[in-house]
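Visitor: Coordinates for the following, if possible.
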Amino acid sequence: MATKKTSETQSRKSAALSDRTASGRRIAMAAREVAASLRGEGPSSPSYEIIVPDVVDVVAMRARLGLSQSAFARSFGLDLDAVQAWEQGRRRPDRAARILLAVIAREPEMVMRTLMVDAAE
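Guide: Numbers count the residues shown, from 1 in each chain. Okay, here's the model as predicted:
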């Protein structure tokens with residue numbers, strides 16, 4: 001029984017020593033976070049919120065980019081019929097399309113670079 005108490009005391013001393021260094025503190029904090037997560041504790045939501053727009057003004061976006069419907073569809077891998085239907089109000093972009101359109105609105109060049117295929121490939 002004395003061995004178990006000695007071992008527990010040594011473990012506590014080791015933990016106290018490791019908490020004194022910067023890396024020891026980070027390791028101890030990470031271990032506490034993992035333990036809390038395993039117990040089902042901790043933050044219940046991420047520190048950011050995802051907002052998917054309900055409405056996307058494709059006409060305004062295209063105008064800002066200076067692209068025709070055809071060039072807009074081609075530049076971002078969209079179906080021309082879908083772009084026309086969205087602009088005429090015959091269809092509403094589905095959730096995935098609204099997410100892509102939101103990214104295009106903020107970072108059109110990044111989307112083009114991402115989707116671009118080098119002719120040499």
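
Visitor: how close does the most centrally placed residue in the chain sit to residue 99?
Guide: Closest residue to the average C-alpha location of the chain: residue 50 at 8.4 Å, with CA atoms, centre = their mean. Distance, residue 50 to residue 99, using CB to CB, to the nearest Å: 9 Å. Placement of C-beta: from N, CA and C, glycine included.

Visitor: likewise residue 55?
Guide: On the measure of CB to CB, residue 55 and residue 99 end up 13 Å apart.

Visitor: The two: which has the busier surroundings?
Guide: residue 99 (15 against 8; other CB atoms under 10 Å).

Visitor: tell me what whatever helix or strand that one lives in is packed against?
Guide: Secondary structure assignment for residue 99, by DSSP states H and E: helix 95-106. With contacts defined as 3 or more CB pairs under 8 Å, 6 or more residues apart in numbering; DSSP states H and E, the packing partners of helix 95-106 are helix 58-65, helix 108-115.

Visitor: Let me have these in TSV, extended by mean pLDDT, mean neighbour count and distance to residue 35.
Guide: As requested, the helices and strands packed on helix 95-106 are arranged in TSV below (pLDDT from 0 to 100; neighbours: other CB atoms under 10 Å; distance: least, CB to CB, whole Å):
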stretch	mean pLDDT	mean neighbour count	distance to residue 35
helix 58-65	97	15	47
helix 108-115	93	12	39
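
Visitor: what about residue 27, is that helix, strand or coil?
Guide: When classified by DSSP: H, G, I helix; E, B strand; the rest coil, residue 27 comes out as helix.

Visitor: quick one: average pLDDT of stretch 33-50?
Guide: The average pLDDT within stretch 33-50 is 71.

Visitor: tell me how far the ends of that stretch are from each other?
Guide: With CA to CA, to the nearest Å as the measure, stretch 33-50 spans 24 Å from end to end.
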